[in-house]
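Visitor: turn this into a model:
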Amino acid sequence: MRRFYVAKAARQRGIGRQLALFLLGRPEMRDRLVTVNAAAGSEKFWAALGFIPDCRDGHTHLLLPPTAAPRQSR
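Guide: Model (predicted):
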């Protein structure tokens, strides 16, 4: 996911979570590895959505497809 922002005044209302879950729930996304480059302070948000820390290949977190085996973090 790229350029995922919620205006500061709209944060802490569940808007970001709803948007992320909508995008991740689209049929074309269900069997894909999704990576994010989490901004400082947003790590808990991504972890709450099931993303795991993985700092390689230019990203900070990833969400494995339901059928994938977990990757080992470096």
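
Visitor: what about the helices in the chain?
Guide: For the chain, helices defined by DSSP state H occupy the ranges 15-24, 43-48.

Visitor: all strands for this structure, in order.
Guide: 34-36, 52-53, 61-63 (DSSP state E).

Visitor: before we move on, back to that, right, and the helices of the chain - which one's nearest residue 34?
Guide: helix 15-24 (6.7 Å; Cβ to Cβ). (Glycine included, C-beta is placed from N, CA and C.)

Visitor: average model confidence for that closest one?
Guide: Computed over helix 15-24, the mean pLDDT rounds to 92.

Visitor: quick one: contacts of it?
Guide: The contact list for helix 15-24 (Cβ atoms under 8 Å, 6 or more residues apart in numbering) reads 1, 4, 6, 29, 34, 45, 48, 49, 63.

Visitor: now the residue with the largest distance to the centre of the chain: how far from residue 59?
Guide: Centroid-distance maximum for the chain: residue 9 at 21.2 Å, with Cα atoms, centre = their mean. According to Cβ to Cβ, to the nearest Å, residue 9 stands 28 Å off from residue 59.

Visitor: so what's the residue count around residue 25?
Guide: The tally of other residues near residue 25 (other Cβ atoms under 10 Å) stands at 9.
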